[in-house]
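**Q** here's a sequence, model it:
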Amino acid sequence: MSTEMTTCTRLTIFTVAGIFLQIIGLSIFVFGFFPVKPTLSGVSGSESYLHPLCDSAPNTSESEIHPEKLRLLYEELSGISSRYDRLILMVIDGLPAEFVLGKDGQPPLRVWKESMPYTQSLLANGDAIGYHAKAAPPTVTMPRLKAMVSGAIGGFLDVAFNFNTQALLDDNLLGQFLRIGWKMVMLGDETWIKLFPGLFMRHDGVTSFFVKDTVQVDKNVSRHLPNELNSDDWNLLILHYLGLDHVGHTGGRTSPLMATKLKEMDDVVRTMHLRAMVDRSHDQGQTLLIVVSDHGMTENGNHGGSSYEETDSLMLFIGLSSNISDFAGAANNLAFQVDLTPTLALLFGVPIPKNNVGVLVPGILNSLRDFEQLRALELNSWQLLRLMQAQLPSSLFGGFSCNCFLDGTCEGFGSDISECSGDKEKQLICLFRNAAVLHGIWKSTRLTDSAEDFSRALDAYNAFLKTASEWLASKTTEKPVLLLALGVGAMLLSCVVCVTLFLSLFKEVYNGPKDQVCSLKYLLNLEEVFIVAVLLILVISMGSSSMVEEEHYIWHFMVSTFYLLLLFKTVKPFSFSRGMNSLREYKIGSIVLLLTSGRLLRGWHQGGVNWTYFLDISKWLEQAGSSYVKWIQLISSFLVIGLGLFTLFRTGSKRKSVRIQAFLFSICGCLILLHAWRYQGDMFGTDNGATVTAKVVYLLLSISAVGGALVLPWSVQNKDKSFLAMAGDCLYLIGSAYVLCWCLLQLLLQQPINAGPILLLLIQILAVSCLSSKDLQVNEWVEIAALYYMGMAGHFALGNSNTLATIDVAGAFMGISSHSTILSGILMFMITYASPLLFLLSLVMYIGVKLRDHSHLAHSDTDLGQLLKLKLGFPCLVPLCINSILLTAYTVVLLLMRNHLFVWSVFSPKYLYVCATTVCTYFGVCIVAVTVAYTLSVTNFLKSKTQQLVDSQFDYALI
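**A** This next block holds a predicted model:
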């Protein structure tokens, strides 16, 4: 094995080792930084009704007590009489509270109000009371359901577990209900069945991720209602309707099906209210109906982030005794989603789950007697105090004794109410002490019926509960410092390895005798300085939450500036006396094309978070009418197909394999045009023809791309061309096929409005390819870095952002007839990272262009290992280095911002995107490396065989 081949092998080994080290470091950091929220082991029992700081060992034999006796024991210990026998929990997935209760004191929009007349009448007559229940991010179904039944705010990585739900083992309401003998029925989202396996005596689940189904998914729930409402064998009926969320995903808030779906939900509310609550002929006991939503939705119908539209969930109580008699009083109420847990626990006489951080929903217990209201607040306070004990030093509780809970007399404090100040922890202890003291004072004056003492005790408890809940909700577990340091260290070492390999290759490539590598002029080359400056600016901007939210501005500005630098460098040598030659005109035309397409991409979607309501091209087209969007989609698709086929035929029109490949691409193009024309209006996938068409397109594109990459290197043999020229032609053809295949796939998967940006991205790739073949006088690594930057700018141009709400869920089910987590996850990843992967795949074309341009400089004895190192080194190392620097820098930023106010709403979602970008970079670089290595190996093999044949014929002629 030659020295050069050994060097290539060593470079490969070190690169793979660096990537492997980065993966290990990233995994360690992620599972160290995103732990499960602090939890107390076990479940709440009768000890939860006793004093937290007294010796009250839990009754270990409760599991042996008969459920009915345990229920009576809980009721006796709580001192609060239960007014309800049965509970109906109706979950309308994705319903914003704004649709029912309005916003900012204003009633809901007319179209929403008229779609739910019965619900609105309940609110207006005082038969229902509604709350804007704020949900914590991430606003996806599984963690929000866990929050509603356990009162605990789950870890941020629940957004990933949302696609693979595991059983909920923490203390929760359903487990408490089971212990007192409740029978439960669940109809709807199968997430409940996965969270609570074996808990329901009857259930009928449907998948929550097949968003094309907006009809049957709800009919499957409602068809059971007549029988269930006539049955008296259940205590808890859970109905989880998914159709409204699916309507939002596929058509947004303004979908034409939204009003119809709201009317359908209103009819369900009407049926349950009349049959289960108004009609007492079946003597099924007192029933409470609660209508909730797990999260809201953005204008586009997506969710997952922390905007008001996404966190504004509904909590509607129907059947409570209240003195409210107007809509404003029944609708303008605020709560938190986790507040549902302690409220239901105390309403139905079970202990509050141990890890609950919620507080009693204000106004719900107004119908209770005064001592019951204070007792309920006391129990809620004791439960939060137990949770605080696990996270605060015991010295803070030194001044308390059992008397503090029995009669409000705390050692060293006296009976005076003190002003609470100082550290947050000390404030919490002070607030609790004040509440306990005032409660004791009210008990001592109870016979005098002092309304003032009652009001003071009530306010004191509410002040403590509010402060404690906010503190606990924001409190994370102590980070394992050594583990995080190990993860960051591994990523730093990986970053050093990648950068060192890049610098080593840089020195070798640009250290020839004809190159002036060490000259000051070279070191200050404007393009190189600019590429490095972009990285520096990105790293600095990561520390600002606003810049993270509006990151797209940086990418668009940097890419546009780079185009201007190229234009300046091209125009600078211009002389009026000599005029413009055709080559320079060609370059300037390509750069102007890049600038124009870049500006259109920048204005297509108003990305980010703060200014999404500004008018952009996509909004303007949608406002003009769906027919305009369809025509833009059809024209863009036609031009993409035409440009892609022209690129293929320009180099390989005489090859049979290329013709076959072009024929398959043409069929795919026709099917995509047919799909856009015939099925695009059927956004809800009710026509099986759309699914079949998509499956055929997937099959043909796979055959064309993979088959072409495998076959083309064997069909490029040309005796009149050099080895590099043949390899360059082959790689250019394969790269063109990759690019066209990816563009066609995105035309099928992306929203119709994104067909225009796909065309513009293809135009940019072809323009860069032309510039690369015309001696641009820019170093190779700079061109590759520019391609990476263009891919990231295109990522935001397609409507993506650093919030989870912009992930396109609807397209992830294109061509899938039934839900598959793996397949839909892959498609979702392809849609989200369409642009970065497109530009990474275009590197195959880029390498082909460079090989053709340098074919006249190659020697016949060029070593394959040396060639692979020189031609594949920068295309692999540059993206890996850029990604490694950004990943490591943002990891450090996230670690520094771990106590920031926006760590979970801004910095953490961004970090998930950074991790996904890393996977995207690995995948793209792997495809490029395998394709180039395979093509060069096959071409070298064929060339050597041809040379051997020629040599043997020559030897035979001599004989």
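**Q** residue contacts, Y788?
**A** Contacts for Y788 were tallied using Cβ atoms under 8 Å, 6 or more residues apart in numbering; they are P836, F839, L840, V878, P879, I882. Where C-beta positions appear, they are placed from N, C-alpha and C, glycine not excepted.
**Q** how about F907?
**A** Shown in contact with F907 (Cβ under 8 Å, 6+ apart): S545, V548, V893, L894, M897, H900.
**Q** let's see that with 6 Å instead.
**A** By Cβ atoms under 6 Å, 6 or more residues apart in numbering, the contact set of F907 is L894, M897.
**Q** also G285?
**A** Taking Cβ under 6 Å, 6+ apart as the test, what G285 contacts is D85, R86.
**Q** switch the cut-off to 10 Å
**A** Counting by Cβ atoms under 10 Å, 6 or more residues apart in numbering, G285 touches Y84, D85, R86, D232, N235, A276.
**Q** before we move on, the earlier item: inside helices: which ones of the contacts of Y788?
**A** Counting by DSSP state H, the part of the contacts of Y788 found in helices is P836, F839, L840, V878, P879, I882.
**Q** isn't the first one up against Y922?
**A** No: here P836 lies out of contact with Y922, judged by Cβ atoms under 10 Å, at a distance of 11.5 Å.
**Q** can you list residues touching both of these two?
**A** Jointly contacting P836 and Y922 under the rule Cβ under 10 Å, 6+ apart are P879, N883.
**Q** now what about stretch 553-562, what contacts it?
**A** Outside of stretch 553-562, the residues within contact range by Cβ under 10 Å, 6+ apart are 527, 530-531, 533-535, 537-538, 541, 547, 594-595, 598-599, 601-603, 607-608, 611, 764, 778, 782, 785-786, 789-797.
**Q** which ones among these are found in helices?
**A** Per DSSP H, the subset of the contacts of stretch 553-562 in helices is 527, 530-531, 533-535, 537-538, 541, 547, 594-595, 598-599, 601-603, 764, 782, 785-786, 789-797.
**Q** widest-spaced pair of the ones in helices among the contacts of Y788?
**A** For the ones in helices among the contacts of Y788, the farthest-apart pair by Cβ to Cβ is P836 and V878; their separation is 13.6 Å.
**Q** list residues touching both of these two?
**A** Contact criterion Cβ under 10 Å, 6+ apart; residues shared by P836 and V878: L787, Y788.
**Q** burial check on K871, number of neighbours?
**A** For K871, the number of neighbouring residues by other Cβ atoms under 10 Å comes to 21.
**Q** and what of G151?
**A** G151 has 34 neighbouring residues, counting by other Cβ under 10 Å.
**Q** so for P836 and Y922, which sits in the more crowded spot?
**A** Using other Cβ under 10 Å as the criterion, P836 and Y922 rank with P836 on top: 26 against 16.
**Q** I'd like to know how far the more buried one sits from L320.
**A** Noted for P836: a distance of 52 Å to L320, by Cβ to Cβ, to the nearest Å.
**Q** tell me which element M265 is part of?
**A** Element membership for M265 (DSSP states H and E) is helix 258-272.
**Q** centre of the chain to that helix, how far?
**A** Using Cα atoms, centre = their mean, to the nearest Å, the mean C-alpha position of helix 258-272 is found 30 Å from that of the whole chain.
**Q** ok, now how distant is C420 from C430?
**A** Look at C420 and C430: by Cβ to Cβ, they are 4 Å apart.
**Q** with F31 instead?
**A** Distance of F31 to C430, computed by Cβ to Cβ: 37 Å.
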